[in-house]
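Undergrad: Pasting the sequence and the predicted model now:
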Amino acid sequence: MLPAVLAAARAGHRQVVVPRDNADEAGLVEGIEVLAAGSLGQVVAHLAGRGPLTPHERAAASPPPPGPDLADVVGQAAGRRAVEVAAAGGHHVFLTGPPGAGKTMLAERLPGLLPPLDEQAALEVTAIASIAGTLPPGAPLVTRPTFEAPHHSATMAALVGGGSGQIRPGALCRAHRGVLFLDEAPEFPRSVLDTLRQPLERGSVTIHRANGSATFPCQAQLVLAANPCPCASAAGDTACTCSPLERRRYQSRLSGPLLDRIDLRVTLPPVTRAAWLDGTGRPESTAVVARRVRLARATAAARMAGTGLSLNSQVPGRLLRDRWPVGRSSLALAERALERGALSVRGFDRVLRVAWTLADLAGATTPGPDQVAEALGMRLQRVAA
């Protein structure tokens, strides 16, 4: 309904007649008078002048319920840090660790760290949900970043979009301005995962069918999660029954080009008994971390004013190096990693983007050696307790 009314407004119409249940959704478009009808008979009576329909007034929407709180995640300092950095800079994340380490909990709490959607973004997300048929009842305008978590049995059409009849947006498009979470990522068909590469880079996906084509925006943050091996032992390496060859085969199901587009790669250790039972302090809540994320995003947006960009993850590598150069002394560790082949050129640029996000979170004017070292550690997937 929302895309249809938007098209009517662009065509110059100022009044629309819609089914009563869709009236609140149609009322989201400014400058359009919405007439809500319960039957075609009412529409005929209105057109004949026998029973005019009255303009619909959209009821005030109740705020959505709060999402899961980051304070529920205990004993995973590295994972908590990763989702905070991801939210502040718009970076993609890859979390590995044994079952029970908190990978899914961290991914589910990432949308709560993102700022609420502005008016334009909310209309985009709501229009996609309207086309997909997933708009929640009683909440015609989606104001919070969405979270999509398709099962690993999802097809290419379910993940990216398609369909044999009307073209429908997939999970990637429904996660526009939000988070796409792929749990047990190595269990997805490799060909399906690789279809994500270009849409993630371009921020849109075009689906062609015999009867036409459709383009959907898909500026989503990707979160991949995986066990370290097929046996998925909750006790970690000490109880693993997999051979080194089985581990390599399992991990190689994620292609190098896809992983090269992931800025943050964090290995989560098993949660210790002390952290689970004997922890004294309550971890920081979503609200506390979200405030730091908002400040960091505001700092980045001010620095990039006039470029059309707002997030560190969006900055092209050449612009990053030419307009906001980082001192050679700060880059020494990353340059050595590039020389020995541990980093690709694309990976070097991604380390720089993450370093800028870390600097924004720390309130620094430019990344220093500490920020570059932390960004490099997240890129090279070092284990952090």
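TA: Alright, I've got the coordinates. Numbering: from 1, shown residues only.
Undergrad: Low-confidence regions, the stretch 251-385 of the chain specifically.
TA: Low-confidence regions of the stretch 251-385 of the chain, defined by pLDDT under 70, span residues 272-281, 381-385.
Undergrad: Show me where it has its strands.
TA: Listed in chain order, the strands found in the stretch 251-385 of the chain under DSSP state E, counting those that start in this stretch are 264-267.
Undergrad: Could you do the stretch 51-200 of the chain as well?
TA: Along the stretch 51-200 of the chain, the stretches classed as strands by DSSP E, counting those that start in this stretch are 93-96, 147-148, 161-162, 168-169, 179-182.
Undergrad: between those strands, which one is nearest to residue 209?
TA: Ranking the strands of the stretch 51-200 of the chain by proximity to residue 209 (C-beta to C-beta) places strand 161-162 first, at 7.3 Å. Quick note: C-beta positions are derived from backbone N, CA and C, even for glycine.
Undergrad: Might you report the residue contacts of residue 56?
TA: For residue 56, the contact set (C-beta atoms under 8 Å, 6 or more residues apart in numbering) comprises 23-24, 26-27, 34-36.
Undergrad: Could you tell me which of those residues belong to strands?
TA: When the contacts of residue 56 are checked against strands (DSSP state E), the matches are 34-36.
Undergrad: Kindly indicate which of these lies nearest residue 334.
TA: Nearest member of the ones in strands among the contacts of residue 56 to residue 334, counting by C-beta to C-beta, is residue 34, at 55.3 Å.
Undergrad: distance of the residue located most distally from the centre of the chain from residue 56?
TA: No residue in the chain sits farther from the centre than residue 50, which is 50.7 Å out by C-alpha atoms, centre = their mean. Taken as C-beta to C-beta, to the nearest Å, the spacing of residue 50 relative to residue 56 amounts to 19 Å.
Undergrad: what do you get for residue 268?
TA: Residue 268 sits 50 Å away from residue 56, going by C-beta to C-beta.
Undergrad: Kindly report the same for residue 326.
TA: Here the criterion is C-beta to C-beta. By it, residue 326 lies 55 Å from residue 56.
Undergrad: Looking at the strands of the stretch 51-200 of the chain, which one is packed in the most?
TA: Comparing these on average neighbours per residue, with mean count of other C-beta atoms under 10 Å, the densest one is strand 179-182 at a mean of 27.
Undergrad: Summarise which helices and strands it is packed against.
TA: Counting by 3 or more C-beta pairs under 8 Å, 6 or more residues apart in numbering; DSSP states H and E, the packing neighbours recorded for strand 179-182 are helix 103-113, strand 147-148, strand 221-226.
Undergrad: Columns mean pLDDT and distance to residue 294 on top of these, output as TSV?
TA: TSV is the format used below for the helices and strands packed on strand 179-182 (pLDDT from 0 to 100; distance: least, C-beta to C-beta, whole Å):
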stretch	mean pLDDT	distance to residue 294
helix 103-113	95	9
strand 147-148	96	19
strand 221-226	96	16
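Undergrad: Make CSV from the ones you listed and add distance to residue 66 to it.
TA: As requested, the helices and strands packed on strand 179-182 are arranged in CSV below (distance: least, C-beta to C-beta, whole Å):
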stretch, distance to residue 66
helix 103-113, 8
strand 147-148, 13
strand 221-226, 20
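Undergrad: Just name the most buried of these.
TA: Most buried of these by mean neighbour count (mean count of other C-beta under 10 Å) is strand 221-226; its value is a mean of 25.
Undergrad: and that strand, which strands flank it?
TA: Each strand that pairs with strand 221-226, with its direction, by DSSP bridges: strand 93-96 (parallel), strand 179-182 (parallel).
Undergrad: So which residues make contact with it?
TA: The set of residues that contact strand 221-226 without belonging to it, under C-beta under 8 Å, 6+ apart, is 86, 90-96, 103-104, 107, 110, 175, 178-186, 196, 200, 251, 254, 262.
Undergrad: Send me it as PDB with only the CA atoms.
TA: This file holds the C-alpha atoms of strand 221-226, laid out as PDB (Å, rounded to 0.1, in the frame of the first residue of the first chain):
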ATOM      1  CA  GLN A 221      24.800  -4.800   8.300                       C
ATOM      2  CA  LEU A 222      25.800  -8.400   7.900                       C
ATOM      3  CA  VAL A 223      26.500 -10.500  10.900                       C
ATOM      4  CA  LEU A 224      27.800 -14.000  10.300                       C
ATOM      5  CA  ALA A 225      28.100 -16.600  13.100                       C
ATOM      6  CA  ALA A 226      29.800 -20.000  13.000                       C
END
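Undergrad: between that strand and helix 103-113, how many degrees?
TA: Interaxial angle, strand 221-226 versus helix 103-113 (axes from the mean of the first three to the mean of the last three C-alpha atoms, to 10 degrees): 170 degrees.
Undergrad: can you tell me how far residue 302 sits from residue 187?
TA: Separation of residue 302 from residue 187 (C-beta to C-beta): 42 Å.
Undergrad: With neighbour numbers in mind, choose between these two.
TA: Under the criterion of other C-beta atoms under 10 Å, the comparison of residue 302 against residue 187 puts residue 187 first, with 15 against 10.
Undergrad: In space, what's closest to that one - neighbours in sequence excluded?
TA: Counting by C-beta to C-beta, 6 or more residues apart in numbering, residue 187 lies nearest to residue 152, which is 3.9 Å off, once chain neighbours are set aside.
Undergrad: Also residue 125?
TA: Nearest residue to residue 125, sequence neighbours excluded (C-beta to C-beta, 6+ apart): residue 142, at 4.6 Å.
Undergrad: I'd say the one you found and residue 126 touch.
TA: Yes - contact between residue 142 and residue 126 holds when scored by C-beta atoms under 8 Å: they sit 4.7 Å apart.
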